[in-house]
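Trainee: please work out how this folds:
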Amino acid sequence: MGDELLSEWLNQHSGWFTRAGRRLEKFRSRFQEIEVYETPDFGRLFRLDGSFMSSERDEFFYHENLVHLAAVTHPDPKTALIIGGGDGGSAKELLKHPGIEKIVIAELDEGVLAISRQYLQAVHRGALDHPKVEIHITDGLAYVRDCRDSFDLIVLDLTDPGGPAEPLYSVEFYSACRARLAPGGALTLHVGAPVAQALRFRDTIRALRTVFGIVRPYTLHIPLYGALWGMACAADSLDPLQLQTAEVDRRLRERGIADLRYYNGDTHQAVLAQPNFLRKLLEDREN
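Mentor: Below is the predicted model:
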């Protein structure tokens, strides 16, 4: 086993690391550096421009929470748009909902799809080639602007702000996404680490609130990211906070969704609970 350590800075003062194990792939696409490793703790893991994206052993923390909080709250999701998501994990979770008829993935980098098909089968489980999944190699902002379809769910499964993803963290883009939502639809996304990236977390929630009537931040620890991580559900009428534990579990049973490793009725409510420091961060107008 090699001694190389994979590290990622969460901010200019702190970060975390894991042992690399064996490198399976490393190359530069037109847009970013792509790496895949076989690691002791996370199994197959991939990174973009030095940032941890997904791993086969812990991807369920991220993908189940990014998708199901909104998808289960929606009474009958049939169509979904994923911006990014080239590892196929979000598509895999959406396909667990029996009413889903069409999933569109708008992924910028064909290289991400290639390495996912080759190395990350445990993450996507064939979702990238499912007949309900339609893949476009395109810029997410351009796709949303030009598209005339509407979607019950939009999932922003993006890299962190910066580089090609920078325009996708803007009021302009959130407004374009809102225009593509069907009535009763919702948008979900990750919004960074509320401790290590507090201002990014706060400012993203504020930006969403200028566009959507209901914005529900939620948090959970994601092992691969080494931190408490933030996500959000944004909508005009759909509100996951109003969905009680028993109703979440009832809908999961009714839809036949049983192969979940994280999400259930209890965790639905738990991730939405806000500790006092987070309430203060989101209410603070001084910084």
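
Trainee: how much space separates R206 from L66?
Mentor: Counting by C-beta to C-beta, to the nearest Å, the gap from R206 to L66 is 20 Å. For the C-beta atoms, the positions are set from N, CA and C on the backbone; glycine is no exception.

Trainee: settle it for me: which of those two has more neighbours?
Mentor: Higher neighbour count among R206 and L66: L66, with 24 against 13, using other C-beta atoms under 10 Å.

Trainee: which elements pack onto the helix or strand hosting the more buried one?
Mentor: For L66, the host element (DSSP states H and E) is helix 59-73. Judged by 3 or more C-beta pairs under 8 Å, 6 or more residues apart in numbering; DSSP states H and E, helix 59-73 is in contact with helix 89-94, strand 151-157, strand 181-192, strand 214-222, strand 227-235, helix 245-254, helix 265-272.

Trainee: for the residue lying closest to Q274 once chain neighbours are set aside, give me its contacts.
Mentor: Excluding the flanking residues, the one nearest Q274 by C-beta to C-beta, 6 or more residues apart in numbering is P217, at 7.2 Å. Neighbouring residues of P217 by C-beta atoms under 8 Å, 6 or more residues apart in numbering: 191, 201, 205, 230-232, 274, 278, 282.

Trainee: try 10 Å this time
Mentor: Shown in contact with P217 (C-beta atoms under 10 Å, 6 or more residues apart in numbering): 191, 194, 201-202, 204-205, 208-209, 230-234, 271-272, 274, 278, 281-282.

Trainee: any idea of the pLDDT on it?
Mentor: On pLDDT, P217 comes in at 98.

Trainee: what's the answer for the one 5 residues further on, then?
Mentor: Note for I222: predicted pLDDT of 98.

Trainee: okay, now it: neighbour count?
Mentor: 20.

Trainee: dump the residue contacts of it.
Mentor: By C-beta under 10 Å, 6+ apart, I222 lies in contact with 52, 58-59, 61-62, 65, 190, 193, 228-231.

Trainee: and what of Q269?
Mentor: Q269 makes contact with 218, 240-241, 243-245, 248 under the criterion C-beta under 10 Å, 6+ apart.

Trainee: again, but for A80
Mentor: 67, 70-71, 74, 90-91, 93-95, 97, 100-105, 132-133, 151-155, 185.

Trainee: quick one, which of those are buried?
Mentor: The neighbour-count test (16 or more other C-beta atoms under 10 Å) marks 67, 70-71, 74, 90-91, 93-95, 97, 100, 103-105, 133, 151-155, 185 as buried among the contacts of A80.

Trainee: show the contacting residues for S14.
Mentor: Per C-beta under 10 Å, 6+ apart, neighbours of S14: 193, 195-196, 226-227.

Trainee: closest to E4 out of those?
Mentor: G226 (17.2 Å; C-beta to C-beta).
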